[in-house]
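kindly return the folded structure for what I paste below:
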Amino acid sequence: MSAIVPQLGDLGKSTRRRSKRLPWTVLVCLVIVAGVVLMTVFGAALAPQDPAAQHLTEVLAPPGSGHWLGTDELGRDVFSRLIAGARTAFVGPLVVTIGSMLIGNLLGLWSGYKGGAVDAIVMRWVDFMWALPGLLIIVVVAGAFGGGYWMAVALLLVLTIPFDTRIIRGATLEQATLPYVEAARALGLSNRRIMLLHIWPNLSATAVANAFLTFAGAIVALSGLSFLGFGVDPGSPDWGRMLSDGTNLLFENPAAALASGAMIVATAVSMNIIGDWLYESLSSRGGSK
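Residues are numbered from 1 along each chain as shown. Here you go, the predicted structure:
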């Protein structure tokens, strides 16, 4: 009997060690996102050829040693353009995610904690924004004012903030009635200190997971706008624009048509899976109640 107890203890330790290991799906997603970040930061250095260079004698060349993903209808290297296109595909969604997280979290905390007229005004604005067809609004405004990539990013940011506001507001309402908030008020702490230093840490798991979901939605939305011609300028290396240009090359060079779409899907799915994993990790450590 005494020999069994140490074995059970060792089994418990090994189980805890295994639980700390990253799931293979999360590890693959982290590798994909890390690769996209490297392409975003060092795209020009990593691209084997000039993304804008035209090789008119190698138009619609199939994938090979000289062009790993072949060339497009202008003889441009698809692989180099795929690397260069990561910058607009990643930076825009990152701006939307950070801006929406900061503004949406502050509005949600303020609305959920203060209640009353503040909550009513904020939530009526959120309901109004929810009722708007977001992508249609961006298409109409960008088409009317001739806005480019950053116009689309700014409009998407404005339309995304209400989603973060509503989620954080609901979580704040749950936290505001708990005893630790009442104790903080009894100690005379300021409302700003209670919201930022006491309530928000308990919402961090929700806020972080929602940020990753926002990024995944933003990269699909901005790529869709570029596909429709409302994002980057024609000829610029961008995954959405490349997907649009590649629809005519589906039978001549499928790699040129599908590579950018595969990167959009892989990046969006990876961010979703990483967000779910972070939520579970932070929640298990007490990052959210």
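
residues contacting G148?
A142, G231, V232, D233 (C-beta atoms under 8 Å, 6 or more residues apart in numbering). Every residue, glycine included, has its C-beta placed from N, CA and C.

do you know how far it is from L132?
Distance of G148 to L132, given as C-beta to C-beta, to the nearest Å: 22 Å.

any weak-confidence spans in the stretch 151-289 of the chain?
By pLDDT under 70, the weakly predicted segments of the stretch 151-289 of the chain are 285-289.

ok, which stretches of it are helices?
Along the stretch 151-289 of the chain, counting by DSSP state H, counting those that start in this stretch, helices occupy 179-186, 191-193, 200-202, 204-228, 239-246, 254-284.

and the fifth one, what does it pack against?
Read it as helix 239-246. Applying 3 or more C-beta pairs under 8 Å, 6 or more residues apart in numbering; DSSP states H and E, we find helix 239-246 packed against helix 78-84, helix 86-114, helix 204-228, helix 254-284.

nearest to L187, of these?
helix 86-114 (16.1 Å; C-beta to C-beta).

quick one: that closest one to helix 254-284, angle?
If you take axes from the mean of the first three to the mean of the last three C-alpha atoms, to 10 degrees, helix 86-114 sits at 30 degrees to helix 254-284.

immediately after helix 86-114, which helix or strand?
helix 116-131 (DSSP states H and E).

contacts only, for the residue nearest in space to the middle of the chain.
For the chain, the residue nearest the mean C-alpha position is F215 (1.5 Å; C-alpha atoms, centre = their mean). Applying C-beta under 8 Å, 6+ apart, we find F215 in contact with P93, L94, V96, T97, M271.

the helices of the stretch 151-289 of the chain: which one's closest to F42?
Nearest to F42, of these and by C-beta to C-beta, is helix 254-284 at 16.3 Å.

can you tell me how far the closest residue to V126 other than its chain neighbours is from L258?
Among residues not flanking V126 along the chain, P162 sits closest, at 4.3 Å (C-beta to C-beta, 6 or more residues apart in numbering). For P162, the distance to L258 (C-beta to C-beta) stands at 34 Å.

of these two, give the one with the bigger neighbour count.
P162 (24 against 15; other C-beta atoms under 10 Å).

what's the closest non-adjacent residue to L282?
Nearest residue to L282 in three dimensions, chain neighbours excluded: A205, at 3.6 Å (C-beta to C-beta, 6+ apart).

next, count neighbours for the one you found.
For A205, using other C-beta under 10 Å, the count is 22.

about what we covered before: deepest of the helices of the stretch 151-289 of the chain, which one?
Ranked by mean neighbour count, the helices of the stretch 151-289 of the chain are led by helix 239-246 with a mean of 24 (mean count of other C-beta atoms under 10 Å).

what's the angle between that one and helix 254-284?
150 degrees.

convert helix 239-246 to PDB, retaining C-alpha atoms only.
Extracted in PDB, the C-alpha atoms of helix 239-246 (Å, rounded to 0.1, in the frame of the first residue of the first chain):
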ATOM      1  CA  TRP A 239      -4.000  39.900 -49.400                       C
ATOM      2  CA  GLY A 240      -7.500  41.100 -50.100                       C
ATOM      3  CA  ARG A 241      -6.500  42.800 -53.300                       C
ATOM      4  CA  MET A 242      -4.400  39.800 -54.400                       C
ATOM      5  CA  LEU A 243      -7.400  37.600 -53.800                       C
ATOM      6  CA  SER A 244      -9.500  39.800 -56.000                       C
ATOM      7  CA  ASP A 245      -6.900  39.900 -58.800                       C
ATOM      8  CA  GLY A 246      -6.300  36.200 -58.500                       C
END
